[in-house]
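>>> Quick one, structure for this:
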Amino acid sequence: MRAEPLPIRVPVGRESGRWTSRTVQRRVLVVVHNATSAGRLLDVLSLFHDDFRVQLLVTSTGSSAFQGGLDELFDGLALPVLPWEQALSTPVDLAVSASFGGQLPLIQGKLSIISHGVGYTKKLAEPGAGSREPGAGSREPGAGSREPGAGSREPGAGSREPGAGSREPTFGLSPEWLLADGKPFMDGLVLSHPEQLERLCRVCPEAVDISVLAGDPCFDRMLAARPYRDRFRRALGVRRGQRLVVLNSTWNPEGFFGSGGGHDVLPGLLPRLTAELPADDYRPAAVLHPNIWYGHGPGQVRAWLDRARRGGLALVDPAHAWRQALLAADAVIGDFGAVSYYASALGVPVLLAATGQERLDPETPLAAFVRDAPRLDPHGPLRPQIEQLLSGHRPAADPAEFVTSAPGASAALLRRHFYTLMDLPEPAAPALLEPLPLPPYDPPHRTAPLRVLTRVSGTDIVIERSTGLPYDAKGDVHLAVHEDTRDPGDLELADVIVRAGSADDPRLGGPGVWTAEILGRHPHCRVAAYVSGPDDCTVRSRRHGLFRLSAGPDADADPAAYASSLHAWLADGQSVPPGGVTLRVHTAEGVHPVTVAEA
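Below is the predicted model of the structure:
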């Protein structure tokens, strides 16, 4: 984390008028607590785009225990960053927050709070102290702001007791979180569904008048991106017939990733995931809560998941690509976090590995979902459970019923709310959210040794690759090893050695040179395969020479699987005729024609 920044002088600060190029009518302060809340604030920033009357500013309260990732986020925003103390002393016309921590009541301006989850669902003890006194002001930038008073007012102070022996308050939807001196300290509380308003009426009627039903911009961005599902799948290297299984965990010990809750299932589950789910049939990916990612550190998370990643697990960017992964998913193994509920709302089958019901407000739709969702048996075979989940899934008539009451309309509703608080007419152009970006291409990089099961019949080869095979597997087995395997001893046992690279990579000398080097270096190896593209590879057989393998237009499997299929076919006593041959590779419930020709 960088040192606390100095107060800025432009576009706000002492004598900032001398240095600014444009005079604006309103200032909007984006209040960030951590990377989680920042993601929801990014959803709504486009509502202020193209408005030359508005200056955007950003600050961090510093109140969250999770400060990792904020420097990178602020660099990406490229907005003026105010230190928190300067932000509290700077009049603004609107402050937008996606959390309740820090001294939000001290902000000098209208304050609107949006949710950073799927509504307000989790129980959490009341916050610490903060203050803000109402005050008057002009309609200059910062007008209508509240000046801090002499006496502090703590959120929760003077609020109603929810009742004798009451349960822990619901974060963001209880007097402890919403009231100061018995009154709401924010000017707008954004709700996504009338169900939340009904709960608010029961537990904190004092805040009903400042509540606003405005839908869910996070979910709206997913709905708008649904037509691009196939692109998101290709970005993760998911091939035709493969099933993308997303592992998702919220943060805290009771989550799927956590070591509490009575069961620490993840360490034992991860190696089984790549051993029991064939590599060509399943593509596993992990979407972890930003508080896991930045709390423990991305490097530590990668270290913990190293074996799984070498077996083909994709680690999805928790800030910019998790929604695309949900849209691409065939199934989700998750827990009681918002992401698993969003997946269900999109119609994706969800299997719960952790329930965490004691963490949830039992009256919420999320709690009802957790009570009813099927459970993962972490000790039972994984593949039958996932196949049963997929075959037995029957989406509800309206799976997103309680996610938003205004699907596709949050942009218009939120902009109207924000501009009303600023007392500024809305721009004439329609309110629109940013489309979800297409993530970078991230195909599997499997460097763990794969046991390859094959059955040959003529030019048809049935193939199944995984890091482990069941004892009752029927067929011939060989070992395929990536040259970058962690244990060099694996290469001495390999029947097939593989690597990927461009055909003209000068470091490797090209496919012909590299394959010859491999067979010369490793006497046990029968076949060396150089993958130079998503559909082709060059294979050198110790006995049969050099071949080029090219997938036909109806083929879509990993070229390394084609190389193992050719090895099995040659080992069955076959040979490539002078004019070449077309093999039919059976994997991922499909048939993939592959042309084999002398290179």
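>>> which residues pair with the residue lying closest to residue 568 once chain neighbours are set aside across the strands?
Spatial nearest neighbour of residue 568, chain neighbours left out: residue 454 (3.7 Å); criterion: CB to CB, 6 or more residues apart in numbering. The way it works is simple: take the backbone N, C-alpha and C, and place the C-beta from them, glycine included. Judged by DSSP bridges, the bridge partners of residue 454 are residue 463, residue 476.
>>> Now do residue 454, the pLDDT please.
Looking at residue 454, its pLDDT stands at 97.
>>> In contact with it, which residues are there?
Listed by CB atoms under 8 Å, 6 or more residues apart in numbering, the contact set of residue 454 reads 461-464, 475-478, 564-565, 568.
>>> all helices for the stretch 251-400 of the chain, in order.
Under the criterion DSSP state H, counting those that start in this stretch, the stretch 251-400 of the chain contains helices at 266-276, 290-296, 298-304, 306-310, 322-328, 338-345, 365-372, 382-392.
>>> can you redo those helices as TSV with mean neighbour count, distance to residue 230 and mean pLDDT?
Below are those laid out as TSV (neighbours: other CB atoms under 10 Å; distance: least, CB to CB, whole Å; pLDDT from 0 to 100):
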stretch	mean neighbour count	distance to residue 230	mean pLDDT
helix 266-276	18	24	91
helix 290-296	22	27	95
helix 298-304	13	28	96
helix 306-310	19	24	96
helix 322-328	24	8	98
helix 338-345	26	18	96
helix 365-372	18	27	94
helix 382-392	15	18	96
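>>> Same list (these) but as JSON lines, adding distance to residue 592.
Shown next, in JSON lines, are those (distance: least, CB to CB, whole Å):
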{"stretch": "helix 266-276", "distance to residue 592": "21"}
{"stretch": "helix 290-296", "distance to residue 592": "36"}
{"stretch": "helix 298-304", "distance to residue 592": "32"}
{"stretch": "helix 306-310", "distance to residue 592": "25"}
{"stretch": "helix 322-328", "distance to residue 592": "21"}
{"stretch": "helix 338-345", "distance to residue 592": "29"}
{"stretch": "helix 365-372", "distance to residue 592": "38"}
{"stretch": "helix 382-392", "distance to residue 592": "21"}
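>>> Least confident of the contacts of residue 454?
Taken together, the contacts of residue 454 show their lowest pLDDT at residue 475, with 91.
>>> which among the contacts of residue 454 gets closest to residue 337?
For residue 337, the nearest member of those is residue 464. The distance, counting by CB to CB, is 32.9 Å.
>>> if we can go back for a sec, buried among the contacts of residue 454? Need that as a selection in PyMOL.
The following PyMOL line selects those of the contacts of residue 454 that are buried, judged by 16 or more other CB atoms under 10 Å:
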select buried, resi 461+462+463+464+478+564+565+568
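>>> Go through the contacts of residue 454 and say which is closest to residue 520.
The closest of those, once distances to residue 520 are taken by CB to CB, is residue 478, at 20.0 Å.
>>> low-confidence ranges in this protein?
1-4, 125-167, 261, 471 (pLDDT under 70).
>>> residue nearest the centroid of it?
residue 322 (2.1 Å; CA atoms, centre = their mean).
>>> Looks like that residue contacts residue 316 (just checking).
Yes. Contact criterion CB atoms under 8 Å: residue 322 and residue 316 qualify, at 5.6 Å.
>>> Which neighbours do these two have in common?
With CB under 8 Å, 6+ apart as the test, residue 322 and residue 316 both reach residue 287.
>>> ok, residues contacting the helix or strand harbouring residue 511?
Per DSSP states H and E: residue 511 is located in helix 510-521. Contacts to helix 510-521, defined as CB under 8 Å, 6+ apart, come from residues 483, 497, 499, 501, 503-504, 508-509, 525, 528-530, 532, 537-540, 542, 546, 599.
>>> Which ones among these lie within strands?
Among the contacts of helix 510-521, the members falling in strands (DSSP state E) are 497, 499, 528-530, 537-540, 546.
>>> Please enumerate the helices of the stretch 401-550 of the chain.
Assigned by DSSP H, counting those that start in this stretch, the stretch 401-550 of the chain shows helices spanning 410-422, 489-493, 510-521.
>>> Could you dump those helices into a markdown table and include mean neighbour count and distance to residue 377?
Shown next, in a markdown table, are those (neighbours: other CB atoms under 10 Å; distance: least, CB to CB, whole Å):
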| stretch | mean neighbour count | distance to residue 377 |
| --- | --- | --- |
| helix 410-422 | 22 | 38 |
| helix 489-493 | 14 | 32 |
| helix 510-521 | 17 | 42 |
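>>> nearest to residue 288, of those helices?
Using CB to CB, these put helix 410-422 closest to residue 288, at 25.7 Å.
>>> Which neighbouring elements make contact with the closest one?
strand 26-32, strand 94-97, strand 110-113, strand 188-191, strand 211-213, helix 217-225 (3 or more CB pairs under 8 Å, 6 or more residues apart in numbering; DSSP states H and E).
>>> Save the ones you listed as a markdown table, and put in distance to residue 168 and mean neighbour count too.
Below are those laid out as a markdown table (distance: least, CB to CB, whole Å; neighbours: other CB atoms under 10 Å):
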| stretch | distance to residue 168 | mean neighbour count |
| --- | --- | --- |
| strand 26-32 | 25 | 26 |
| strand 94-97 | 22 | 26 |
| strand 110-113 | 20 | 25 |
| strand 188-191 | 20 | 24 |
| strand 211-213 | 22 | 19 |
| helix 217-225 | 25 | 21 |
